[in-house]
Structure formats: structure tokens, C-alpha cells
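Undergrad: only geometry, no sequence info:
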């Protein structure tokens, strides 16, 4: 998989069409007042912030939204992630890893942008864990 | 317009820049950390290769040599600041220096007392005082900036009053490039019996600093932002004030006598230098001071100002770009922040990096300032040093234009 910088070097269609599309018109942007769990995370180095709302029905993700602001990588990653989550059960949610995020983005992200790319996933992980702890 | 510096000659002294000469590369992040000239590396190496010994405590000639070279730097730094040798404390950087002063001065502060800062403070100055305020109960006040990004001196005059015990301010903003009128603030502080602490991290090596003329009580700067090695810094303090202050770190070297249950302290400045210092680093810092003085602070200031003016003019030609900071003809350094509509500073910085241009994007360790300015995503910042050129600014402008095309902006 190409590195983000390989994509960028001398290539006009950089930053991948899908990343720009998701940044421009994010999927599932908004809030869910009847969410099963919600959680907010901040990327302290830059102020990227994501609040994730997940509604579970019969143990599976029935609906998901995210609110927040930040760089194209962080917002596109969480936008793509929310599409991916729909219909997943808790075990599948717990199994999600950073490689899944990279695959969705279509590029491997360098060290400086890692936290941006994984902010959405971390928000999900912490929110889900808090929810499970509360209900165990 | 002829450059006051022979910048091509200067560039040959900096290994990273020299290696990249002719390639598509521009280091425009000196506000974060400067490049290091070969003269500094050679001085540091000379210590490690030729007279590697501890300082202040050896009983053999080689350790005397190390001590002499180390203490000689204290004299050099004192000369640079127009201070006395025993008013110079070596620290790990400006951050540690500011922590030492804050902790030391806060001892006598409590409820009803006020500490006045500006809204432009770097976390290194803000956070120590903020934490001490929570601990000891004194309050904090923040002098705002005008819409032209200059310090609001009218507001300063109102805020610095009888309850003010400390005015702790930056000499130059690492985000906006704004130069703060220190001498005027010092006069306001002293008129009400307050002390003035100056964070000179962005000023040292860029503008002249005369602590006697400015009448600072304390001043801090980082070696690594002034062509020196990382892990070096200086705290200047008036001798009587340093003598009154408690040490911050305890251990060897800062003591005179140690009993089981109590100790007495060494004289100033060694009272504040516990443990073995960054000997090689400080010796390198001495070479950095030499480099700056030999090049000429006035020439450096003029060169960087010229670059800032050129950058402001060229970047303004780009659609959707807004300069965040004072105009070129206002008191400012070579730090130029900007925002580009529709592009987050992180994304812009990443694309600039792919084009060989090193800048910084984000909050620049000044989250409250950016929030105050309504810039929730931070800014993108280019910062110039004595080794930068107009061509590098052209590279920056071209890269920004390319980034906008990539993001499909008009």
C-alpha cells in the first residue's frame, strides 16, 4: 500500500478522491439523541475533535453519526469508518484495528498524521469500552 | 535590494541546508527549532573528543579545562544579554527556565495577588503560572491584542495595577510574530512594585536583548532556537532576586554543605544548576552565541524582517489566504502565520512537506490564543532564520498554490 507521501509526490489527484469527497461531504454527519452510547475524543496536538454516536439494536449497529471538526484525514477517516460500522455486532466492532482504517483511506499514513487518521477509531474504542463497562 | 547578509555563505555552515542545496527543500520552521551550524557541532565535538570530563568537581587538569570552557560560555551569554555572569543560569531550555522562575516567585503569592500575562503566551509560560495560580489562589489576567495583532498597551496600562505582583510576558509571539514592547511593560510593572519575567524564546538571536536597558527582572531563552544544541537554555535573573529565590531542583553542585537532615545552598547561579549539566551542549551554545554575534544581530534582524515582508506580500497574492499577524511595517519577527480557506493546517503542512517545504501547522503550543482568535484549527506557520532565502518563500507560495489545486479550491 502506498504511503501518503508517495501518493502526494507529483500526482495531481493526490489526497485520494475518496478522502477529499468524504471531507467535502462527510457521511453520517450529525448527532443521535437516542444513541446507545456516545463518546468524544480530542487530538491535543491540533485540536481535531470527534464525537461519535452509536445506536445498537439487537446487539448490532443500527445507526451511527459523528460530529466534530478537524483535518481532512481525521474527518474523512471517521466518515468512512461510520459507513463501515453499520450492521456490525459488538465483537466485530471490538475487532476493528488501525489496518482497517488505512484500508478504508486507501493510503498508509505516516507518523505525523497517525493520530489524525485513528482519532475516529479511538473514539469508537473508548466509547464502546465505556459502554460495555457500564453494562457488564 | 541588497541583502545585508551573505546568505549563500551562511547556508554553507548549516549541514542540513548545505546538503539540500539545489534540491527542492526549504526549512521554514526555525520558530520550532533552528538549524545548527557546523561551528556549534565542532565545539560540542571538541568537548567529547578532547577533554571529556565532568565540570566543577574534578581534581585533574582535564576537568579544569572542561570547567573553564563551560564557564566561559556563561560569560559569553552574559555579554550577549549585557548581564553579569552570576546572573546566568543554564537550564534545559526556556520551558525549564520559566518553570524555575514561576515556582520561585509564586512562593510569596496568594489570594488577592495578580499575575498579568498576554493572550499570546506559549504554554511554557502560561501553564506553570496557571498551575501555581490554582495551587496558591492568586489570579491571572491576560492583556489582549488589537485587531492589528499588536499588544493592546491601553489595556495593559489598565490591567497592571496595585494587585499585580508579576508581569510574565513573551518578548515575541511564536504564532503571530508580534514583538512585545518589553521596556514599556517593565516600566508599568515596576511602577506598581511588580516583577517582570520575559519569555525571550522567539527573540533571542533574532532581535537585540539588553536586559539592563529593558530592565527585566528575569529572562528566559532556549539554545536550540538560537542555533545551539537541543537541551540547552538560559535563565537570566537579577542577582538579588535569584538570591532570594528557592532552588527548583536539588542535588549535587547546588549545595554548599549537606547534613542528614538539612543542607545549605551554593551561591547564585550554581544554586539553580543541580547535577551534571549538558556540558557539551552548553559548550556548543557558546559557539552559537559567537556565531550570532559575529554575524551581527542587527543584520540577522534585518534579513529576517526582509523575508517576512516578502512572504506577506507574496502569500497575499494567493486566493483565499489570510495572514494572521501584524503588517510588515509593524514591530514583528520572521514568524508568519496564515490560514487558507477550505484547508486545515495539517493537510496543508502535509502537502507542503511532499513539496519539500517544512512548516508547522496547528496550535503551536498556544491553544488559548488560537481559540481567542477564533481559529479552532490553528494556523499554518512559516518562520524564517538567517539562512533562509526569497527563493524558499517562492517555493512555499508555489506549494500552497498546488495544495489548493489538489483540494479543488478556486
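TA: Good, I have the coordinates. Everything quoted here is computed from the prediction, not taken from an experiment.

Undergrad: CA atoms for contacts and neighbours, from now on please.
TA: Noted.

Undergrad: next one: stretch A:81-88 to chain centre, how far?
TA: Stretch A:81-88 has its C-alpha centroid displaced from the chain centroid by 10 Å (C-alpha atoms, centre = their mean, to the nearest Å).

Undergrad: Need the residues that contact stretch B:97-117.
TA: If you take C-alpha atoms under 8 Å, 6 or more residues apart in numbering or on different chains as the criterion, stretch B:97-117 is touched by B:91, B:124-126, B:128-129, B:132, B:136-143, B:159-160, B:163-169, B:197, B:199, B:218, B:220-221, B:233-235, B:245-248.

Undergrad: now swap in stretch B:317-332 and tell me
TA: By C-alpha under 8 Å, 6+ apart, the list of residues contacting stretch B:317-332 reads B:148-150, B:172, B:175-180, B:305, B:308-309, B:312, B:315-316, B:336-341, B:379, B:397, B:401, B:410.

Undergrad: surely residue B:282 meets residue B:227?
TA: No: look at residue B:282 against residue B:227 with C-alpha atoms under 8 Å: they stay out of range, at 11.9 Å.

Undergrad: need the contact list for residue 73.
TA: Going with chain A. Residue A:73 makes contacts with A:19, A:23, A:113, A:116-117, B:347, as judged by C-alpha under 8 Å, 6+ apart.

Undergrad: Wait, chain B was what I had in mind.
TA: Contacts of residue B:73 by C-alpha under 8 Å, 6+ apart are B:282-283, B:285-286.

Undergrad: picking that back up, neighbour count for residue B:282 and residue B:227, which is higher?
TA: Neighbour count, other C-alpha atoms under 10 Å in any protein chain shown: between residue B:282 and residue B:227, residue B:282 has more, with 31 against 28.

Undergrad: what's the lengthiest helix in chain A packed up against?
TA: Criterion DSSP state H: the longest helix present in chain A is helix A:114-134. For helix A:114-134, the packing partners by 3 or more C-alpha pairs under 8 Å, 6 or more residues apart in numbering or on different chains; DSSP states H and E come out as strand A:37-43, strand A:48-57, helix A:72-85, helix A:98-105.

Undergrad: any idea which of those is most buried?
TA: Mean neighbours per residue, mean count of other C-alpha atoms under 10 Å in any protein chain shown, is largest over the helices and strands packed on helix A:114-134 for helix A:72-85, with a mean of 24.

Undergrad: so for it, what's the average pLDDT?
TA: Mean per-residue pLDDT for helix A:72-85: 95.

Undergrad: angle of it against helix A:98-105?
TA: With axes from the mean of the first three to the mean of the last three C-alpha atoms, to 10 degrees applied, the angle from helix A:72-85 to helix A:98-105 works out at 100 degrees.

Undergrad: just how off-centre is helix A:72-85 within its chain?
TA: Distance, centroid of helix A:72-85 to centroid of chain: 4 Å (C-alpha atoms, centre = their mean).

Undergrad: Restricted to buried residues, select the contacts of stretch B:317-332 in ChimeraX.
TA: To isolate the buried ones among the contacts of stretch B:317-332 in ChimeraX, judged by 16 or more other C-alpha atoms under 10 Å in any protein chain shown, type:
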select /B:149,150,172,175,176,177,178,179,180,305,308,309,312,315,336,337,338,339,340,379,397,401
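
Undergrad: Mind checking which of the contacts of stretch B:317-332 are in strands?
TA: In this view, the contacts of stretch B:317-332 that belong to strands under DSSP state E are B:336-340, B:379.

Undergrad: just to revisit the earlier point, quick one: which of the contacts of stretch B:317-332 sit in helices?
TA: Of the contacts of stretch B:317-332, the ones assigned to helices by DSSP H are B:305, B:308-309, B:312, B:315, B:397, B:401.

Undergrad: Which residues are in contact with the closest residue to residue B:25 other than its chain neighbours?
TA: Excluding its sequence neighbours, the residue lying closest to residue B:25 (C-alpha to C-alpha, 6 or more residues apart in numbering or on different chains) is residue B:356, at 4.4 Å. Counting by C-alpha under 8 Å, 6+ apart, residue B:356 makes contact with B:24-26.

Undergrad: Model confidence score at residue 113, please.
TA: Chain wasn't specified; assuming chain A. On the pLDDT scale, residue A:113 gets 85.

Undergrad: think we crossed wires, I meant chain B
TA: Reported pLDDT for residue B:113: 98.

Undergrad: now do residue A:18
TA: Value for residue A:18, per-residue pLDDT: 84.

Undergrad: what packs against the host helix or strand of it?
TA: When elements are defined using DSSP states H and E, residue A:18 is found to belong to helix A:17-24. When contacts are defined as 3+ C-alpha pairs under 8 Å, 6+ apart, helix A:17-24 packs onto helix A:72-85.

Undergrad: Just the helices from the stretch 301-410 of chain B, written as ranges.
TA: For the stretch 301-410 of chain B, applying DSSP state H, counting those that start in this stretch gives helices covering B:345-354, B:367-372, B:390-406.

Undergrad: which of the residues in the one helix or strand residue B:298 maps to are buried?
TA: Residue B:298 belongs to helix B:297-315 when assigned by DSSP H and E. Buried residues in helix B:297-315, counting neighbours by 16+ other C-alpha under 10 Å, are found at B:297-312, B:315.

Undergrad: I'd guessed residue B:39 sits against residue B:13; true?
TA: Yes: with contacts counted by C-alpha under 8 Å, residue B:39 reaches residue B:13, the gap being 7.5 Å.

Undergrad: residues shared between the contacts of the two?
TA: Joint contacts of residue B:39 and residue B:13 (C-alpha under 8 Å, 6+ apart) do not exist.

Undergrad: what's the one residue in the stretch 201-350 of chain B that gets nearest to chain A in contact with, if anything?
TA: Proximity of the stretch 201-350 of chain B to chain A (C-alpha to the nearest C-alpha) peaks at residue B:344, 5.0 Å away. Residues near residue B:344 by C-alpha under 8 Å, 6+ apart: A:70-72, B:377.

Undergrad: Could you list the low-confidence segments of chain A?
TA: For chain A, the stretches with pLDDT under 70 are A:1-15, A:45.

Undergrad: in the chain, which residue is closest to the centre?
TA: Going with chain A. residue A:78 (2.3 Å; C-alpha atoms, centre = their mean).

Undergrad: Chain neighbours aside, what residue packs nearest to the residue positioned nearest the centre of chain B?
TA: In chain B, the C-alpha nearest the mean C-alpha coordinate belongs to residue B:201, at 1.0 Å (C-alpha atoms, centre = their mean). Residue nearest to residue B:201 in three dimensions, not counting chain neighbours: residue B:221, with 4.3 Å by C-alpha to C-alpha, 6+ apart.

Undergrad: ok, and the closest non-adjacent residue to the closest residue to chain A within the stretch 151-300 of chain B?
TA: Residue nearest to chain A within the stretch 151-300 of chain B: residue B:175 (13.9 Å; C-alpha to the nearest C-alpha). Excluding the flanking residues, the one nearest residue B:175 by C-alpha to C-alpha, 6+ apart is residue B:337, at 6.2 Å.
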